[in-house]
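Participant: Sequence first, predicted coordinates after that:
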Number of protein chains: 2
Amino acid sequence: MSDQTKERIVDAAYRTLARRGYHETSMKDIAAEAGLAPGLAHYYFETKEDLLVAAIRHGCEPALEGWAQAGLRQDGPLPENADPLELARLGFELAKRELGRYESLFRLTFDMFGVGTHNPKIAAAVRQFIDERRGFVARISQGVIAGMAERPASSADAIAAATWGGLHGIYLQKVMDPSFDADAAIDALQEMVFAFATRQPARTNEEG
Amino acid sequence: MSDQTKERIVDAAYRTLARRGYHETSMKDIAAEAGLAPGLAHYYFETKEDLLVAAIRHGCEPALEGWAQAGLRQDGPLPENADPLELARLGFELAKRELGRYESLFRLTFDMFGVGTHNPKIAAAVRQFIDERRGFVARISQGVIAGMAERPASSADAIAAATWGGLHGIYLQKVMDPSFDADAAIDALQEMVFAFATRQPARTNEEG
DNA sequence: CTGATTTGATTGAATGACCAAACAATTGAT
DNA sequence: ATCAATTGTTTGGTCATTCAATCAAATCAG
């Protein structure tokens, strides 16, 4: 029954943390939400920090599953024979859907970022969180760049950092203001990325 | 002496909060850093939240001053007769300089964002923080769009949200990982924005 | 098959510390 | 003598973490 109980704690932790926030949630709150004794959370997780990391990982599962079902695995290889720009388009589409569907996950994520600013353990988890996702964007960027008429000045990693950053900057605005039109912002980001990816080589003076 | 004392508290608050973070800093810590009695901070600020907001506003002053000296006022009008794309280039340049110079301010800012995820009072302050800065970017975007050969599908507001978001997504990566190459990422973002702003109208089939 | 023993899971209370905010008392200037 | 500024303490509550004790299930001995 141990695994079941641990899962129950993590799930309760995710719900409680997402609803009330990290610093406003006590270990006791989480145990109560799970219907277990106050001390038990510490039997499975040494610290509250560990539980936060586990809870976020748990909360991301459905979203990552959604990407996988669309053929995009953060870890695995990109679908072969796919037009990189088409992959990018799909990525932006999924990002929009995700933001609408998992609002509280994004909220908790930015809460974690905040904790990470002054907590080394959480900061390490945040770095890993970012690395995984940005690395995925970088693999798509690589393909997009390979198909460009003119090599860009920026590396695929830099493009990925800017693009992933753009998405998360938009997520931030959405989390802080539910009336913010995130879809329009993501469309704009996509329009910029596509303008970049499909730009024609600088025409010389004697253009057609 | 009242104004002086208040300023002293805000300044001490900024230093302490930036160093240790919001939830790891007590009102007592702040008073001690200011060399004042523990109770005094509450004489000038009703709540710790109010003091956080004041401290961030205070911490932003030097940075905003830097923008003003370059001719870019967040509040006032844009310099007249300036090429909008040149303003954009300057903005990206200043963003790079700022990030290198005020690292702890950015760190505290993301801490505030985190607190804002589950604290209505701070959330309101964050919304205002975002609105002011994004509005400034929107005014530049407006000019850039006006100069484009082909009207983009996205509005100036959406473009601004994506661009401001891109910058802050990059700041996030830098705050979480000091070895992150933020300059390269900002250059990449700029490359995308410029590709977008200077793209040629789609050539029809019978191109030169 | 049965009773004893071990193991790990679970409980609920205790510990030790901390903090935001309120407050009463004191100072100092006008 | 008043009033604002300042002090230092008190209040009333919080929390993460520890721990001794209980419990259930499994393992083992005879």
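Facilitator: Good, I have the coordinates.

Participant: next one: stretch A:15-24 to chain centre, how far?
Facilitator: 19 Å (C-alpha atoms, centre = their mean, to the nearest Å).

Participant: and what of stretch A:148-161?
Facilitator: That offset, for stretch A:148-161, works out to 21 Å (C-alpha atoms, centre = their mean).

Participant: what does chain A put close to DNA strand D?
Facilitator: A:24-29, A:38-39, A:42, A:46-49 (C-beta under 7 Å from any atom of the strand). Yep, even glycine has a C-beta here, placed from its N, CA and C like the rest.

Participant: at 6 Å instead, please
Facilitator: A:Ser26, A:Met27, A:Lys28, A:Gly39, A:His42, A:Thr47, A:Lys48 (C-beta under 6 Å from any atom of the strand).

Participant: so where do the strands sit in chain A?
Facilitator: Counting by DSSP state E, no segments of chain A form strands.

Participant: what's the weakest-modelled helix or strand in it?
Facilitator: Least confident helix or strand of chain A, by mean pLDDT, DSSP states H and E, is helix A:2-20 with a mean of 93.

Participant: Show me which positions of that one end up buried.
Facilitator: Of all the residues in helix A:2-20, those buried under the rule 16 or more other C-beta atoms under 10 Å in any protein chain shown are A:6, A:8-18, A:20.

Participant: can you count the residues close to the residue of chain A found nearest DNA strand D?
Facilitator: Closest to DNA strand D within chain A is A:Ser26: 3.0 Å, counting by C-beta to the nearest atom of the strand. Residue neighbour count, defined by other C-beta atoms under 10 Å in any protein chain shown, stands at 14 for A:Ser26.

Participant: Please name the residues that touch it.
Facilitator: By C-beta atoms under 8 Å, 6 or more residues apart in numbering or on different chains, the contact set of A:Ser26 is empty.

Participant: List the residues that contact A:Glu93.
Facilitator: Listed by C-beta under 8 Å, 6+ apart, the contact set of A:Glu93 is empty.

Participant: How much space separates it from chain B?
Facilitator: 15 Å (C-beta to the nearest C-beta, to the nearest Å).

Participant: And for A:Thr47?
Facilitator: For A:Thr47 relative to chain B (C-beta to the nearest C-beta), the value is 15 Å.

Participant: coming back round to it: between the residues of chain A next to DNA strand D, which is nearest chain B?
Facilitator: Checking the residues of chain A next to DNA strand D against chain B with C-beta to the nearest C-beta, the nearest one is A:Lys48 at 12.1 Å.

Participant: Measure how buried the closest one is and give me the count.
Facilitator: For A:Lys48, using other C-beta under 10 Å, the count is 17.

Participant: so who does the closest residue to it other than its chain neighbours touch?
Facilitator: Leaving aside its sequence neighbours, A:Lys48 sits nearest to A:Met27 (C-beta to C-beta, 6 or more residues apart in numbering or on different chains; 5.9 Å). Listed by C-beta under 8 Å, 6+ apart, the contact partners of A:Met27 are A:Pro38, A:Ala41, A:His42, A:Lys48, A:Leu51.

Participant: From these, keep the buried residues only.
Facilitator: By 16+ other C-beta under 10 Å, the contacts of A:Met27 give A:Ala41, A:Lys48, A:Leu51 as buried.

Participant: Go through those and say which is closest to B:Ala125.
Facilitator: Proximity of these to B:Ala125 (C-beta to C-beta) peaks at A:Lys48, which lies at 26.3 Å.
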